[in-house]
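# Quick one: sequence plus predicted model below, questions after.
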6 protein chains.
Amino acid sequence: MPEFYRNQNRKLVQETIEALSSESSYELVYMPKHGRTMPSVKVLGDLVDKLREVIFPGYFGNASLRPETYEYHIGVNTDAAYRLLADQIRKGMCFSCTQGKSQSCEECENKAPQMAAAFISRLPEIRRLLATDVQALYKGDPAAKNAGEIIFSYPAIRAMTNHRIAHELRLLEVPVIPRIIAEMAHSETGIDIHPGAQIGEGFAIDHGTGVVIGETSIIGKNVKLYQGVTLGAKSFPQEEDGTLVKGIPRHPIVEDDVVIYSNASVLGRITIGKGSVIGGNVWVTRDLAPNSRVLQRKATATMFENGAGI
Amino acid sequence: MPEFYRNQNRKLVQETIEALSSESSYELVYMPKHGRTMPSVKVLGDLVDKLREVIFPGYFGNASLRPETYEYHIGVNTDAAYRLLADQIRKGMCFSCTQGKSQSCEECENKAPQMAAAFISRLPEIRRLLATDVQALYKGDPAAKNAGEIIFSYPAIRAMTNHRIAHELRLLEVPVIPRIIAEMAHSETGIDIHPGAQIGEGFAIDHGTGVVIGETSIIGKNVKLYQGVTLGAKSFPQEEDGTLVKGIPRHPIVEDDVVIYSNASVLGRITIGKGSVIGGNVWVTRDLAPNSRVLQRKATATMFENGAGI
Amino acid sequence: MPEFYRNQNRKLVQETIEALSSESSYELVYMPKHGRTMPSVKVLGDLVDKLREVIFPGYFGNASLRPETYEYHIGVNTDAAYRLLADQIRKGMCFSCTQGKSQSCEECENKAPQMAAAFISRLPEIRRLLATDVQALYKGDPAAKNAGEIIFSYPAIRAMTNHRIAHELRLLEVPVIPRIIAEMAHSETGIDIHPGAQIGEGFAIDHGTGVVIGETSIIGKNVKLYQGVTLGAKSFPQEEDGTLVKGIPRHPIVEDDVVIYSNASVLGRITIGKGSVIGGNVWVTRDLAPNSRVLQRKATATMFENGAGI
Amino acid sequence: MPEFYRNQNRKLVQETIEALSSESSYELVYMPKHGRTMPSVKVLGDLVDKLREVIFPGYFGNASLRPETYEYHIGVNTDAAYRLLADQIRKGMCFSCTQGKSQSCEECENKAPQMAAAFISRLPEIRRLLATDVQALYKGDPAAKNAGEIIFSYPAIRAMTNHRIAHELRLLEVPVIPRIIAEMAHSETGIDIHPGAQIGEGFAIDHGTGVVIGETSIIGKNVKLYQGVTLGAKSFPQEEDGTLVKGIPRHPIVEDDVVIYSNASVLGRITIGKGSVIGGNVWVTRDLAPNSRVLQRKATATMFENGAGI
Amino acid sequence: MPEFYRNQNRKLVQETIEALSSESSYELVYMPKHGRTMPSVKVLGDLVDKLREVIFPGYFGNASLRPETYEYHIGVNTDAAYRLLADQIRKGMCFSCTQGKSQSCEECENKAPQMAAAFISRLPEIRRLLATDVQALYKGDPAAKNAGEIIFSYPAIRAMTNHRIAHELRLLEVPVIPRIIAEMAHSETGIDIHPGAQIGEGFAIDHGTGVVIGETSIIGKNVKLYQGVTLGAKSFPQEEDGTLVKGIPRHPIVEDDVVIYSNASVLGRITIGKGSVIGGNVWVTRDLAPNSRVLQRKATATMFENGAGI
Amino acid sequence: MPEFYRNQNRKLVQETIEALSSESSYELVYMPKHGRTMPSVKVLGDLVDKLREVIFPGYFGNASLRPETYEYHIGVNTDAAYRLLADQIRKGMCFSCTQGKSQSCEECENKAPQMAAAFISRLPEIRRLLATDVQALYKGDPAAKNAGEIIFSYPAIRAMTNHRIAHELRLLEVPVIPRIIAEMAHSETGIDIHPGAQIGEGFAIDHGTGVVIGETSIIGKNVKLYQGVTLGAKSFPQEEDGTLVKGIPRHPIVEDDVVIYSNASVLGRITIGKGSVIGGNVWVTRDLAPNSRVLQRKATATMFENGAGI
């Protein structure tokens, strides 16, 4: 390569580095100015892997477990998870801090391990809830061979593991991290559940891709959703100055034993009564009484001749 | 951090480990009691990567291939895949065994490598079928620059590679593993094909996110699907005791040369006749004669004034 | 395992290796015959990771950044990205070359680093555009706590980072690589944006799974899409010989300030006028005047008695 | 690079591969013909690392140990070590088998885990012995700040850890593996102790490089060696046919409380009596009575004028 | 494997874990009771690798350096080294603390980064000194082709890099860590230099295996040693109670321009005068005047008949 | 940590980075100014590992080899080794180039792969020679159980593998790299053999630590050395200007069937006649006739009373 071009290229690269390092450029991307380490998406991924090993021992990770050695593996993984989590929570607090909150560093140093320990103490309940989800999926899927297969391979279990973890962290008011953990599951499964959503036991999602469950949704026991279902908001009330009002209940309440078929949209703070069934592709924006059945309009199968496309 | 809080935290973690290690808790998650190693999702991921390298040499993996060295690389990867697979099949058999089947351990030790070898012998046919899929995608996509680009980057090829592998394993009655391999592709592409589905050559999926193809689907040659298409079940017949009847045909038969546009749902054991076209968002639950054209009802573009949202 | 079966298995594997290594088999999968190294999907993944670290320093990667050390990290990562990219572009050119183009090897050796340097020089603008996307997401999402959280966890930012990178590479006429980079984002987020699409600043996608944006789409400023929206083609004009006409404009033009709600399909080279709103599930195939509002037909909530499913 | 040379080079490589794959060539290097997997030097390295973590918890490995969590870490590492070792012993038996021994495969499958468990049960005693070695080093080295520092950084402890492991394995008649473990320590420390050597408690080696301790050496309690000391054989009796007589005692017996200074050689099956001191560079080939002192001949410091070197 | 043996083995492993976890056993190995993380040999290895990259940029590590990008790489590596070192120093202080020192934790938290920064500020001088060592080796070795080759491959440079780092850390009174760093070099090169040794510029070691340089040695400028040279202590004065007196000068002072040939031993706090030459295998325990030449006694080449060996 | 100290520390680090990046500092360490990538010690380590796998298949690396699959593994590894080597040779030439040689870049681009291919073609002979070394060690060591054990664990084989590789590369006049490969073995085994040394078949080294074999040594067939033996130079002739004369023969010629016992030094361009035996610790600087026996002077075992040490 001729020297002239080589030098040209190098010069361009050099100038770009300077441009990217100028304060006016990097300030655009909201880096905290205190220079403390941010939470790490990679470490949080490892954390969730460890928690998954703790909750479903033997299914994930490399360990060869036997009844006599369960406790050792669970002990090592739980202890490691506690330490990783305490560290990440502290970093998450620092990160949010720059963005405006106020608390002494020392206060965070103390609170982070307390929050981590409080979270860890919720793991047996998280496992119990997930076991009900496994059971619900097994009962409802004629293609499932056994319950273990569901733990190994159903995206709903992967998504709900992350959700039940993220939801507990959010209840503890851990900043930033719950959302990152929820997005991991969204990326892996196409199931997008906001950490704020409250979901009862025995929850099943079939296939799952495209499911969206909004922040203030409340879901009862033994509810089942199919792929593409949205539990969304209908509108976003604005403040007088045009900014959105944050945090108000705006997603559906879905009572026990409801089934919602594929690609249905249920929008707004409405209540879907116990035992209702909502058909595929249906669009629901009003309360439904218990045991309602809302059907897709009959498909108009229009036959036509020319095949010029649609 | 004050010693008191430190001790509190440690105590909580300690108690949780004990709770998680109690038999009543870990029994909830169906771990086999014989203490034999389960299949490993991570190893199966490596296995599929090796098979992908074997099928499409040079496109994946680190190898720098030349015509003179093809055979060495294919030899090493195929041999490694055979060994990994035999080991995982054996572990899969052990895993399913606990869940209720009965067969001597020795029988499984012998059958696992036989099944693995039988699978390996299907690789040339799997490659041939995938080559017809590549060709179909290339012909049908005006954005495609060349066939190689399709192998490199089209999610349909990634999904179909896993499917054609998983389907062969299922034909050999390998337990658990086909489903895990199918879910890997679902996670990576948003395309959810059950290993049981029979799919003919020249199969094309465009974009793909949200596609669902059920366990007993039968798809002919040169069929094309767009994103969000569901080939699903309409209802699940129950036994008298309320449990689902497993394994009966309940998904569509799609004959040769059919095209199904985005987000259409085709439900139940119906037959879509050869050469039919199903429009986007359409919901089909009855047989279609050959060369049918089913169109989306004309969109009612209601103009309205206030922008309060929907 | 009895020796006889062991030998049988080995023989099967051996024969398969030979079959897979036969020219007639591997020619099916379009390997370039010149034996030069192809681009590497894995290396391109590392490249995008490095670029993401450069664009959003501190959010991704392991680095602990402080104002005094920004420049070093950005310098190292940018320089490494330049080298990796120059190498991959060269390999991409070789790869496409086999498929039919004509250019001397020396020409490619020279052009590759020039293209890489030209790309690098676009990074400050890519960062600026992504910062407007972050801002748009923050303003529009009542669940967002701060702008940093959006960089960390919103799939739209991950998808748009890859898109703005891939789009610049495509403007430079880099072969193959833009599409691979776009597919990475598709796999991770379920958002499928063709590298050819032109997208203005302040672009927001909510949830995102199932979004498809076609090759010749043109999108203005401050546009917002929800999950499942398709900006697609209506039909594919064919040449007289039946092959598709490649490259002609066939996807929508979406003007500034348009909002398109979930699962709407906008198809064909039509224009959606400035400030229009398209409701969920709507199917649009004709031009819309500025400030149009197209609403979903009112959902017919048919109550019915029997629960036999749908 | 001109095509001609490229082809020449490729041809040479190709021919070499064939030559190296010819039976006449690879038979030179004693590969077992049964095709079973050999022991792995890398896995044995990992095994020793795990054992080192078990013996000296917290000093090696990544674990953050606390009194409450010791047991979990020790449990996980010990269990993993047991499994790795059982597998490697079986492979070692297979490997030696080809070389001529005779035993059914099934017998080895059973014996390997028994030998591994028997070895594991020796770990508490191995730890106790090593603790006496640490203590001996601490007392004898004026540069040592505390006992922990010795565990962290003294080559003698690294060498003796491997030796005490290898020696126990050899007592169990495990083939091949003891020698591989001994060589790891030799490579890392320059201290070459044959696994057969019997070494009492409180053994210290200072600096260590160049120390050689032969197969049939017997060393008492509280012995100390300096760098470069050889406990070797004086001659190798031959059979009538000229082959060496294997296994006969041919290295020294060193009784309790002996000190041997740097680079001394003690050769043959002689006895160095309790409490003796052997000076640096001395060459000893005869028995020494208890409490002997053997001094280096006084150094003749010959002054000379011309500096032409030696 | 018969169930009985399997259970026997498992029971042995289980009992061993309990034995190893008993307080009486693990107390033998001096683990600190406060449960704080110890320094990590692995991290210190990474630290030294980073420092080596900083000192000799381009020779080690993966970086592709150009004059324009030196500063970025040096910046990133130096900053990372500072952070790693501060953390390890703090852990080293905690570790030594248990062993008896007294200082508040807060004091250590503050002092550790100060010590790390002070060390970092010595790097330019460390580089300058090592450059003189490279020069000395180049001039003195007829087999050396160029100075760069010496940096790449001479064990003396590897050993001296660790030594000059470890010596600076010791001057700063960093506990434990200097010794660990020195042992790394000892393990890799067979050259054992205590961190306390003072060594002037232009220091050369040829071959190096077996060299030992004691804690209180003082070495002038342009000194050269060959393999196997010991600068050791002659005797260890004891306190009345029999414990060794720690820290008193007990190793040689070697003045400028001295050459010591292979396997010579120089013992005790003696002074080897400027410009002296000590021959191979010589044993020196008294002061030598400047420009002395001490020769090996002439070798007595005793010819003898019988070849029975030695 | 108080803000003041934090800032002080950061400032020190910052200033050091600037000092280390100044031209006057980094010029001290001989970095080539052309900015081309240097050879990589790490890559050369991987290269030697691959070659070791090729030469002794199954002993090193992870592969599970069977007679049917030897050729594939050897093919893949040999091909990879050829590519790595060609690349490293080119970088080595660039590196040496800066140091003063003159050759066009294009010439090096062509020559590097030719040299790599020529080296590869020597592998069968290298394997044959190493097989004779294995045989020699097996015959001479009463502690060796079988020939395979020697390949697995004898440092002499590790050292000779590197030497026979490095020596061939040196014969091809490859710069820098032979020396780096030789030093790897020196580091791992304590055996320091210069790549220039010519060594015949059936060469054995027992224990090995401290062995030094100089650049111009010539060693016949079936020679055996023990630990600590030096084949060195006696003096270094200087040019009139004081620089050393490089490359002249200055190390011993050792004829066939010679045995040299531990720590003996053989110095200068002398000839040790066929079949001679040199005793331990002996210093030889003159020619020896064939079948000479040079014995260590009888050890004077001076008994003495006081135990004040030496």
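Sure thing, it's come through.
# Around chain E, which positions in the stretch 1-150 of chain A sit nearby?
A:10, A:14, A:17, A:66, A:68, A:72 (Cβ under 8 Å from any Cβ of the partner chain). Every C-beta, even on glycine, is put in place using the N, C-alpha and C of the backbone.
# wait, what's in contact with the last one?
Applying Cβ atoms under 8 Å, 6 or more residues apart in numbering or on different chains, we find residue A:72 in contact with D:71-76, D:79, E:17.
# Now list the buried members of the residues of the stretch 1-150 of chain A next to chain E.
A:10, A:14, A:17, A:66, A:72 (16 or more other Cβ atoms under 10 Å in any protein chain shown).
# Looking at the contacts of residue A:72, which are in strands?
Members of the contacts of residue A:72 lying in strands (criterion: DSSP state E): none.
# Looking at those residues, point me to the pair that's furthest apart.
Using Cβ to Cβ, the pair of these lying farthest apart is D:71 and D:79, separated by 11.9 Å.
# Please point out which parts of stretch A:240-256 sit buried.
Neighbour-count burial for stretch A:240-256, counted by 16+ other Cβ under 10 Å, picks out A:244, A:250-256.
# How about the residues of chain A by chain D?
Residues of chain A lying near chain D (Cβ under 8 Å from any Cβ): A:63-64, A:69, A:71-76, A:79, A:83.
# switch the cut-off to 7 Å
A:64, A:69, A:72-73, A:75-76, A:79, A:83 (Cβ under 7 Å from any Cβ of the partner chain).
# how many other residues sit next to the residue in the stretch 51-200 of chain A that chain F sits nearest to?
With Cβ to the nearest Cβ, the shortest gap between the stretch 51-200 of chain A and chain F falls at residue A:105, namely 10.1 Å. Residues near residue A:105, counting by other Cβ atoms under 10 Å in any protein chain shown, number 13.
# For chain B, see how far away it is.
Using Cβ to the nearest Cβ, to the nearest Å, residue A:105 is found at 12 Å from chain B.
# Run through the stretch 51-200 of chain A and note the low-pLDDT ranges.
A:62-63, A:98-103 (pLDDT under 70).
# Quickly note the distance from the residue of it found nearest chain E to chain C.
At 5.6 Å from chain E, residue A:68 is the closest residue in the stretch 51-200 of chain A, using Cβ to the nearest Cβ. Distance, residue A:68 to chain C, using Cβ to the nearest Cβ: 29 Å.
# Same question for residue A:205.
Residue A:205 is 13 Å from chain C, by Cβ to the nearest Cβ.
# out of everything not next to it in sequence, what's closest to that residue?
Nearest non-adjacent residue to residue A:205, counting by Cβ to Cβ, 6 or more residues apart in numbering or on different chains: residue A:156, 4.0 Å away.
# my guess is residue A:249 contacts residue A:269, does it?
Yes - here residue A:249 lies in contact with residue A:269, judged by Cβ atoms under 7 Å, at a distance of 5.0 Å.
# Need the nearest residue in space to the residue in the stretch 201-310 of chain A that chain F sits nearest to, chain neighbours excluded.
Ranked by Cβ to the nearest Cβ, the top residue of the stretch 201-310 of chain A for proximity to chain F is residue A:246, at 34.1 Å. Nearest residue to residue A:246 in three dimensions, chain neighbours excluded: residue C:142, at 4.6 Å (Cβ to Cβ, 6+ apart).
# got a list of what the one you found touches?
By Cβ atoms under 7 Å, 6 or more residues apart in numbering or on different chains, the contact list for residue C:142 reads A:236, A:244-247.
# Closest one of the residues you listed to residue F:232?
Using Cβ to Cβ, these come closest to residue F:232 at residue A:246, 80.1 Å.
# Got the confidence number for that closest one?
If you check residue A:246, the pLDDT there is 72.
# That one falls within a helix, correct?
No - per DSSP: H, G, I helix; E, B strand; the rest coil, residue A:246 lies outside any helix segment and is coil.
# Okay, and which of the contacts of residue A:72 map to helices?
Counted as lying in helices by DSSP state H, out of those, are D:71-76, D:79, E:17.
# Tell me the one among those nearest to chain C.
Distances from chain C to those, taken by Cβ to the nearest Cβ, are shortest for residue D:73, at 25.2 Å.
# Residue A:262 against residue A:280, yeah?
Yes - using Cβ under 7 Å, residue A:262 is in contact with residue A:280, at 4.6 Å.
# Spit out the residues that contact those two alike.
residue B:265.
# Between these two, which is the more surrounded one?
residue A:262 (26 against 23).
# give the contact list for that one.
A:226-229, A:280, B:230, B:265.
# at 6 Å instead, please
Contact analysis of residue A:262 by Cβ atoms under 6 Å, 6 or more residues apart in numbering or on different chains lists A:226-228, A:280, B:230.
# Please enumerate the helices of the stretch 1-150 of chain A.
Assigned by DSSP state H, counting those that start in this stretch, the helices in the stretch 1-150 of chain A fall at A:3-21, A:23-26, A:41-55, A:70-98, A:105-120, A:123-140, A:147-153.
# What angle do helix A:123-140 and the longest one make with each other?
Following axes from the mean of the first three to the mean of the last three Cα atoms, to 10 degrees, one obtains 100 degrees for the angle between helix A:70-98 and helix A:123-140.
# Over to the third one?
In terms of direction (the same axes, to 10 degrees), helix A:41-55 departs from helix A:123-140 by 80 degrees.
# list the buried ones in helix A:41-55?
So, applying 16+ other Cβ under 10 Å, buried residues of helix A:41-55: A:41, A:44, A:47-48, A:50-55.
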